[in-house]
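> Predicted model follows, preceded by the sequence.
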Amino acid sequence: MEFINTISVLGIGGIIGGYIKHLLDRNKEREAKLNQINEEKYRVLLIYMSFILNPQNRAHFITDDQLILNLKPEDSINYSKKKVEEYYYHSFLYASDAVLISLKRFIEKPSRENFIEVATEMRKHLWRNSSKLSIDNIILDLSQK
């Protein structure tokens, strides 16, 4: 009788353990997929932000947006600003608070420093780790050319 009780307890424990493992695996898979989607959105957003800072950057990025490739530089800046604003409103659904705040700051005052701040916050959000790098550590000093 004790043997049967032990077997049934182990069986129920195995079933419960298997079910919990299934839920955890499914949650992990969903989170990985969501992270991949966020990474893609962030990548496109950074490209448009780069175009705002320097429209000539269009020659250095691959984009599915064929319209921007045919615009004059000044028109591409305005177009990119509109696209960044559009992504900003969409990002309410998926971005962290820190990403939203830094992105708002970039939209209001586009600069290399604000670009780096947005990218740093996106990195923290995607990979869930902090960074000890300051903006000065990251920003390129191109004046020494």
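Good, I have the coordinates.

> next one: the biggest helix by length in the chain to chain centre, how far?
Across the chain, the longest stretch assigned as helix under DSSP state H is helix 2-53. In terms of Cα atoms, centre = their mean, to the nearest Å, the centre of helix 2-53 is found 18 Å from the chain centre.

> by contact count, what packs against it?
helix 73-90, helix 97-108, helix 112-127 (3 or more Cβ pairs under 8 Å, 6 or more residues apart in numbering; DSSP states H and E). Every C-beta, even on glycine, is put in place using the N, C-alpha and C of the backbone.

> Pick the most buried one from these.
helix 112-127 (a mean of 18; mean count of other Cβ atoms under 10 Å).

> just the angle between that one and helix 97-108, please?
Helix 112-127 and helix 97-108 are oriented at 160 degrees to each other (axes from the mean of the first three to the mean of the last three Cα atoms, to 10 degrees).

> okay if I get the helices and strands packed on helix 2-53 as TSV plus mean pLDDT?
Shown next, in TSV, are the helices and strands packed on helix 2-53 (pLDDT from 0 to 100):
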stretch	mean pLDDT
helix 73-90	93
helix 97-108	96
helix 112-127	92
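
> so the longest helix of the chain versus helix 73-90, what angle?
150 degrees.

> after helix 2-53 comes which helix or strand?
Downstream of helix 2-53, the next assigned helix or strand under DSSP states H and E is helix 66-69.

> Give me the buried positions along that next one.
Using 16 or more other Cβ atoms under 10 Å as the test for burial, helix 66-69 gives residue 68.

> residues in contact with residue 80?
Residues in contact with residue 80, defined by Cβ atoms under 8 Å, 6 or more residues apart in numbering, are 48-49, 51-52, 55, 68.
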